[in-house]
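Enquirer: following is a predicted model, sequence given first.
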There are 2 protein chains.
Amino acid sequence: MQEREISKAVIKRLPRYYRYLGELLEHKVERISSNELSDRMQVTASQIRQDLNNFGGFGQQGYGYNVKYLYNEIGKILGLDKTYNMIIIGAGHLGQAIANYVKFEKRGFRIIGIFDTNPDLEGTTIRGIQIMTDDKLPAFLNSHDIDIATLTLPKTGAEEIAPLLVKGGVKAIWNFAHTDLDLPSDIVVENVHLSESLMQLSYNINRKDKKK
Amino acid sequence: MQEREISKAVIKRLPRYYRYLGELLEHKVERISSNELSDRMQVTASQIRQDLNNFGGFGQQGYGYNVKYLYNEIGKILGLDKTYNMIIIGAGHLGQAIANYVKFEKRGFRIIGIFDTNPDLEGTTIRGIQIMTDDKLPAFLNSHDIDIATLTLPKTGAEEIAPLLVKGGVKAIWNFAHTDLDLPSDIVVENVHLSESLMQLSYNINRKDKKK
């Protein structure tokens, strides 16, 4: 595998390639041409060829792509050949939704602890994973290597807890709280701001209405 | 307000401006320079000036931006001066998380119905909003103008229900199902693919590990 800087736009498309290839695998498709993949994904065939060439080009003229090989290679690029220890902070509906999503587990994201401020939840479990109160977090971080902390709690709580996570050696934060956390540059952050997504939707509804 | 095509990149940044300006308003800040806003948002001041110039430029040399005016104008651009009727399809944890998020309501997104396949939920409510079984959906769409359908159900369910929504006159789909829906081009779609977001995170963890 070549090690060179790949553009953000390409990286953003990789999970989608991975999903489509996974579906093809489920349907026992062994190989696919860039044209067929293009039809399915509604991306131009030349875009697909260009994207995949970034990784040394998995295709062969006249044969197309080997689905399984390409799926595995993209998985490796995305880091899906490894496992990650994950915790969830905030056991509200959103935290529970993520804790219950078994597909993450299958992809190597292992949830090993859930934290919440509510003492009534202490000792209860979700899919066998224990819920602990927030005050247990520093000791937990001391005794476990945590790769990813998922923040499904309100903004102020997220801002308070972020420095603890950094101190505790967490590598990455998957942030659902409605704020941009102030973090050292070596911490990886991925924000999921649901209200902002909804605002894009309302913008687009209005843009279409105006065109009519 | 000028009516011209604004780039997608600018539109993507608008909800974030809106959020920061909203926070300034809460703190009773009346005006702000592009430099101050730049420090807070970690976007260059020239980027801010350029972005806001797309809408005719709300700033005045030496004065900066009037926070309230800018907040309201960006709100209008995003369509937040209107109200939207929304339904949620899938009353699992994710659907419940969204139904319970009162901030959406405040911004004009009114949830007026929740649907689920599970007959045991029929007649129960979330924040006073009734849960109905899926078979009631076509009649409900006939008697209500629905702007947005939120899909928080598994992939196959989402694919089955999408044509019903289109037929029922729904304008936009906020899709959390792990699939790209095949929809007519006049339907607005905003996808929130959580697994893809998590894959970006694992990609970035590995990229940083390699640099070390």
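Expert: Looks like it arrived, so ask away. Keep in mind it's a predicted model, so treat the numbers as computed, not measured. Numbers count the residues shown, from 1 in each chain, chains lettered A, B, ... in the order given.

Enquirer: what does stretch A:192-210 contact?
Expert: Applying Cβ atoms under 8 Å, 6 or more residues apart in numbering or on different chains, the contact partners of stretch A:192-210 are A:174-176, A:178, B:3, B:11-12, B:14-16, B:18-19, B:77-80, B:82, B:84, B:98, B:101, B:103-104, B:107-109, B:147-148, B:171-172, B:174, B:186, B:188, B:190, B:192, B:194, B:197. (Each C-beta comes from the backbone N, C-alpha and C, glycine too.)

Enquirer: check which helix or strand covers A:Ile112.
Expert: Using DSSP states H and E, A:Ile112 sits within strand A:109-116.

Enquirer: what's downstream of that strand, the next helix or strand?
Expert: Per DSSP H and E, the helix or strand that comes after strand A:109-116 is strand A:125-126.

Enquirer: check the offset of that following strand from the chain's centre.
Expert: 22 Å (Cα atoms, centre = their mean, to the nearest Å).

Enquirer: and chain B, is it touching that?
Expert: No - Strand A:125-126 lies apart from chain B when judged by Cβ under 8 Å from any Cβ of the partner chain; the minimum separation is 9.7 Å.

Enquirer: low pLDDT regions in chain A?
Expert: Residue ranges of chain A with pLDDT under 70: A:1-5, A:55-61, A:211-212.

Enquirer: and the strands in it, which stretches?
Expert: Per DSSP state E, chain A carries strands over the ranges A:31-32, A:65-66, A:84-89, A:109-116, A:125-126, A:129-133, A:148-151, A:172-175, A:188-191.

Enquirer: for A:Thr83, what are its contacts?
Expert: A:108-110.

Enquirer: wait, doesn't A:Asp134 sit right on A:Ile89?
Expert: Yes - with contact defined as Cβ atoms under 8 Å, A:Asp134 counts as touching A:Ile89 (7.5 Å).

Enquirer: any common contacting residues for those two?
Expert: By Cβ under 8 Å, 6+ apart, the residues touching both A:Asp134 and A:Ile89 are A:115-116, A:161.

Enquirer: domain parsing for chain A?
Expert: What automatic domain parsing lists as the domains of chain A is A:8-76, A:84-195.

Enquirer: okay if I get the ones you listed as a markdown table plus mean neighbour count and distance to B:Tyr71?
Expert: Shown next, in a markdown table, are the domains of chain A (neighbours: other Cβ atoms under 10 Å in any protein chain shown; distance: least, Cβ to Cβ, whole Å):
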| stretch | mean neighbour count | distance to B:Tyr71 |
| --- | --- | --- |
| domain A:8-76 | 16 | 29 |
| domain A:84-195 | 18 | 15 |
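
Enquirer: now the ones you listed in CSV, with distance to B:Leu165?
Expert: What follows is the domains of chain A, written out as CSV (distance: least, Cβ to Cβ, whole Å):
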stretch, distance to B:Leu165
domain A:8-76, 20
domain A:84-195, 20
